[in-house]
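> Show me how the following folds:
(one chain, ligands or ions: 1)
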Amino acid sequence: MATARACANIALVKYWGKRDPARNLPAAGSLSLTLAALVTETTVVFDAAAAADQLVLDGAPASAGDLARTAAILDLVRARAKIATRARVTSENRFPTASGLASSASGYAALAVAATRAAGLDLAPRELSVLARRGSGSAARSIFGSFVRMRAEGDAYAEPIASPLAERIQMVIAIVGGGAPKSRGSRDAMEHCAATSPLYAAWLALVPRDLAAAEAALAAGDLDALGAIAEANALAMHATAMASRPAIVYWQPATLALLAEVRALRARGVAAWATIDAGPHVKVVTTIDAAVEVARATQKIDGVTNVMISGVGGPAAIVEAPR
Ligand code: PMV
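As a prediction, this is how the structure comes out:
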């Protein structure tokens, strides 16, 4: 058995589109920040007495779909370790309750680390990243801490990027509740965009430019440039989704109000740039010095049900393993 912990990450240049859905290979690169406040802890026990893989998520038996995705990762681990034993998997999201945040990135990263160790394998971080990617594209990035770049070529793996901004960047996460319908899953939504959005080709042409600019901003320690790219890139991703037919619209009224608040903060000289994933919540790129002011401003918005401040998270790691 082994237990691993991984932090979620939020993309600053988004992954939105696959070149090979079967192997879950991304059509373009992406770039993210790993967050300390959003942690998943997963234990994997290979159990000779188990007839089938089992998955308990946050204390309850998982859905058939979640179990099948987990079993697919376990199958890859078993093939590599040359074992046939089934596993019992328990996974807990240490996110503040009712956060409404997706946990696939931290979840599949923690699963990859725990399952390989439990099977007696000792994989390099890059191999763990490739394995986690099979569960969820963004999970490949959660193997690493701080700023992370995902490479789309070849086996598609992530790797860390050093930047002086890691010392002062923070993220404010504004959860939009208010009875919003469940968001359309990213996997299905990406395929729908690729098949029907007239803006999809333009999106794919944009990503390499935003990646190059974001990496230059990271190297230079230029938060203004990084924030501006992150906000513009997220809006371009959502424009692509909105233009698909029928449309995919993730935003709620509070999402737009948050975007306006972030612009107002910036106009007052506060470091704040918005990014949005496949849901209504808004994540604000900011600094250690400005985070409390940004959190207060977002908390006031009608429809915002929870606000968190997160610092930079570390890499996925084993918590316990047999000696
Ligand atoms: O990792 P997936 O398949 O859930 O896709 C992630 C999609 C976004 O969160 C919208 C963007 C990203 O790069 O994380």
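> who's in contact with Arg134?
Arg23, Asn24, Ala72, Ile73, Leu76, Tyr108 (CB atoms under 8 Å, 6 or more residues apart in numbering). Any C-beta I mention is one placed from the backbone N, CA and C, and that applies to glycine too.
> Hmm, I typed the wrong one, I wanted Leu204.
Applying CB under 8 Å, 6+ apart, the residues near Leu204 are Gly17, Ala27, Ala28.
> Report the buried members of those residues.
Gly17, Ala27, Ala28 (16 or more other CB atoms under 10 Å).
> re earlier: please dump the contacts of Arg134 into a markdown table; it should also carry pLDDT and neighbour count for every row.
Formatted as a markdown table, those follow (pLDDT from 0 to 100; neighbours: other CB atoms under 10 Å):
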| residue | pLDDT | neighbour count |
| --- | --- | --- |
| Arg23 | 92 | 11 |
| Asn24 | 94 | 18 |
| Ala72 | 97 | 13 |
| Ile73 | 98 | 24 |
| Leu76 | 98 | 16 |
| Tyr108 | 98 | 30 |
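> Distance to the ligand and secondary structure added to those residues, as JSON lines?
Converted to JSON lines, those look like this (distance: CB to the nearest ligand atom, whole Å; DSSP: H, G, I helix; E, B strand; the rest coil):
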{"residue": "Arg23", "distance to the ligand": "13", "secondary structure": "coil"}
{"residue": "Asn24", "distance to the ligand": "8", "secondary structure": "coil"}
{"residue": "Ala72", "distance to the ligand": "14", "secondary structure": "helix"}
{"residue": "Ile73", "distance to the ligand": "14", "secondary structure": "helix"}
{"residue": "Leu76", "distance to the ligand": "17", "secondary structure": "helix"}
{"residue": "Tyr108", "distance to the ligand": "8", "secondary structure": "helix"}
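> Can you tell me which of those comes closest to Pro164?
Distances from Pro164 to these, taken as CB to CB, are shortest for Tyr108 (29.8 Å).
> How much space separates that closest one from Leu128?
Distance of Tyr108 to Leu128, computed by CB to CB, to the nearest Å: 10 Å.
> ditto for Phe46
18 Å.
> So these two - more neighbours on which side?
Leu128 (28 against 22; other CB atoms under 10 Å).
> show me what contacts the more buried one?
Ala109, Ala112, Val113, Thr116, Ile143, Ala316.
> so what's the last one closest to, chain neighbours aside?
When you say that, I think you mean Ala316. Nearest residue to Ala316 in three dimensions, chain neighbours excluded: Ala6, at 3.7 Å (CB to CB, 6 or more residues apart in numbering).
> Report the residue spans of the stretch 151-300 of the chain with pLDDT below the cut-off.
Counting by pLDDT under 70, the ranges of the stretch 151-300 of the chain that qualify are 178-181.
> All the helices of it, residue numbers only.
186-196, 200-220, 223-242, 253-267, 291-299 (DSSP state H, counting those that start in this stretch).
> Point out the most buried one among these.
With neighbours defined as mean count of other CB atoms under 10 Å, these peak in mean count at helix 223-242, which reaches a mean of 20.
> what about the longest strand anywhere in the chain, average pLDDT?
As assigned by DSSP state E, the longest strand anywhere in the chain is strand 30-46. The average pLDDT for strand 30-46 rounds to 97.
> and the stretch 1-150 of the chain, which residues reach the ligand?
Ala11, Lys14, Tyr15, Trp16, Ser30, Ser104, Ala105, Ser136, Gly137, Ser138 (CB under 6 Å from any ligand atom).
> Quick one, which of these are buried?
Ala11, Lys14, Tyr15, Trp16, Ser30, Ser104, Ala105, Ser136, Gly137, Ser138.
> Please narrow those to those residing in strands.
Ala11, Ser30.
> Tabulate the buried ones among the residues of the stretch 1-150 of the chain next to the ligand (JSON lines), appending distance to Gly269.
Shown next, in JSON lines, are these (distance: CB to CB, whole Å):
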{"residue": "Ala11", "distance to Gly269": "26"}
{"residue": "Lys14", "distance to Gly269": "27"}
{"residue": "Tyr15", "distance to Gly269": "32"}
{"residue": "Trp16", "distance to Gly269": "32"}
{"residue": "Ser30", "distance to Gly269": "30"}
{"residue": "Ser104", "distance to Gly269": "36"}
{"residue": "Ala105", "distance to Gly269": "32"}
{"residue": "Ser136", "distance to Gly269": "37"}
{"residue": "Gly137", "distance to Gly269": "36"}
{"residue": "Ser138", "distance to Gly269": "32"}
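> Which one of the buried ones among the residues of the stretch 1-150 of the chain next to the ligand is nearest to Leu211?
Closest to Leu211, out of all of these and judged by CB to CB, is Ser30, at 7.6 Å.
> which ones are touching that closest one?
With CB under 8 Å, 6+ apart, Ser30 has these contacts: Ala11, Val13, Lys14, Tyr15, Gly137, Ser138, Arg141, Arg149, Met150, Val207, Leu211.
> So which of the residues you listed are in helices?
Counting by DSSP state H, the contacts of Ser30 place Val207, Leu211 in helices.
> Save the contacts of Ser30 as CSV, and put in distance to Val270 too.
Putting the contacts of Ser30 into CSV (distance: CB to CB, whole Å) gives the following:
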residue, distance to Val270
Ala11, 23
Val13, 23
Lys14, 24
Tyr15, 28
Gly137, 32
Ser138, 28
Arg141, 27
Arg149, 28
Met150, 30
Val207, 28
Leu211, 26
